[in-house]
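# Need coordinates for the following:
(one chain, ligands or ions: 1)
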Amino acid sequence: MLQTIEWKNSTLWLLDQTLLPNRIEFIECHSFQRVAQAIKRLEVRGAPAIGAAAAFGLVLGAKELCNDSDFGTNIERVAEELRQTRPTAVNLFWAIERMMSIIHKANCDKDIIDLVKDLEKEAISIASEDCAINHKISQYGAQLFNEPVSVLTHCNAGALATAGFGTALGVIRQAFSEGKITRVFADETRPLLQGARLTAWELMQENIPVTLITDNMAGWVMKKNMVQAVIVGADRITLNGDVANKIGTYSVAVLAKEHKIPFYVAAPVSTFDFTMESGLNIPIEERHADEVAQFAGVLTAPKGVEVFNPAFDVTPNSLISAIITEYGVLEQPYHEAIIALQQKKIKG
Ligand code: MRU
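The predicted structure follows:
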């Protein structure tokens with residue numbers, strides 16, 4: 001399995017996901033500015049992966065500021081620049097807060113070089129914990145499947161979107177290895193084709209049978225009884241169980257409900273926003289019109305046409321059959337289950 005994020009000799013290496021599946025190239029990041037750019041450009045993408053990348057970005061920023069007499073103010077500027085990269089996935093803000101708490105907790109007479117070492121250790125932990133968490137999510141998720149079924153997924157919530165193994169694709173990997181999933185239908189996921197370029201590629205690397213469909217085929221595939229469950233990842237889950245995920249997820253959830261197909265969400269606790277009551281308040285990223293008006297760099301709409309390009313949507317909790325976390329599977333009523341999850345997280 002290719003490593004999407006790697007920290008080697010004080011350098012962050014990112015697999016350039018914009019080039020997949022045609023080219024496998026790594027970006028060498030020596031500065032926090034390059035990490036911020038990679039997150040904005042979607043060279044690294046997926047909620048947990050951007051959280052881990054930002055954590056290493058903060059390490060790079062702190063290293064640059066080692067001899068700065070105003071370390072405290074300037075590291076806050078670095079954190080803010082990283083926060084400004086993408087607004088929806090809460091893992092980004094969670095990882096930056098976790099890193100900044102190391103700085104806030106440090107004694108004011110602590111040597112900055114030692115502080116940077118602590119930050120580096122924390123970023124490494126964020127990445128390695130994410131991988132371990134995904135294996136736990138996958139174990140719990142696989143238990144939801146009893147007999148061999150075909151599933152549908154949207155976007156990419158795989159090893160590429162995390163520090164390893166994946167959330168929704170982690171569950172699929174695990175259930176496939178137990179003989180419970182026989183085929184995956186991957187929505188291509190317009191406009192940036194994470195499903196076609198990344199999910200189909202990731203599954204094919206491991207010989208997991210995958211059928212690529214365009215997004216507007218999902219309803220017909222369900223009607224023809226070709227899938228028995230849907231499983232997706234998440235970018236932010238609010239206290240009431242509403243889920244922000246890649247644009248198009250909401251439509252798939254509505255279709256699943258109509259066809260009485262269970263709709264599962266797999267996500268780590270770092271994707272829960274315990275400060276936000278409902279999905280109505282989630283900031284939804286809007287991206288450049290060219291992503292919709294062009295296809296592979298070629299204009300496919302009238303020049304200058306008005307475009308609406310939200311990168312995410314919110315699926316209301318009423319459409320979600322279960323949310324799979326590293327602490328187990330949550331079911332309705334989600335508010336109580338999510339408050340209990342928060343308590344478990346606090347106790348560790
Ligand atoms: O815009 P992207 O490619 O970063 O969007 C990614 C998704 O929506 C994923 O489904 C989500 O981040 C979960 S990744 C485990």
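# Walking through the stretch 51-200 of the chain, point out its strands one by one.
For the stretch 51-200 of the chain, the strands defined by DSSP state E, counting those that start in this stretch cover 149-153, 181-187.
# Now distance to the ligand too, for the ones you listed, in a markdown table please.
All C-beta spots, glycine's among them, are computed from the backbone N, C-alpha and C. Shown next, in a markdown table, are the strands of the stretch 51-200 of the chain (distance: least, CB to the nearest ligand atom, whole Å):
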| stretch | distance to the ligand |
| --- | --- |
| strand 149-153 | 9 |
| strand 181-187 | 11 |
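# And the residue of the chain closest to the ligand?
Nearest to the ligand, among the residues of the chain, is residue 233, at 2.9 Å (CB to the nearest ligand atom).
# which residues sit in contact with that residue?
Neighbouring residues of residue 233 by CB atoms under 8 Å, 6 or more residues apart in numbering: 46, 47, 155, 157, 161, 166, 167, 168, 245, 265, 266, 267.
# Can you tell me the closest non-neighbouring residue to the last one?
Of all residues beyond its chain neighbours, the one nearest residue 267 is residue 234 (4.0 Å), with distances taken as CB to CB, 6 or more residues apart in numbering.
# what's the longest helix in this structure?
Assignment by DSSP state H gives helix 112-142 as the longest helix of the chain.
# what packs against that helix?
strand 5-8, helix 47-64, helix 90-105, helix 168-177, strand 263-266, strand 322-325, strand 328-330 (3 or more CB pairs under 8 Å, 6 or more residues apart in numbering; DSSP states H and E).
# on that earlier part again, among the contacts of residue 233, which ones lie close to the ligand?
Among the contacts of residue 233, proximity to the ligand is found for 46, 47, 155, 157, 161, 167, 245 (CB under 6 Å from any ligand atom).
# For the third one, give me its contacts.
Think residue 155. Counting by CB under 8 Å, 6+ apart, residue 155 makes contact with 187, 189, 194, 195, 199, 232, 233, 245, 246, 248, 249.
# Touching, the last one and residue 315? I think so.
Yes: Residue 249 is in contact with residue 315 according to CB atoms under 8 Å; the separation is 5.5 Å.
# which residues are common contacts for these two?
Residues touching both residue 249 and residue 315 (CB under 8 Å, 6+ apart) are residue 243.
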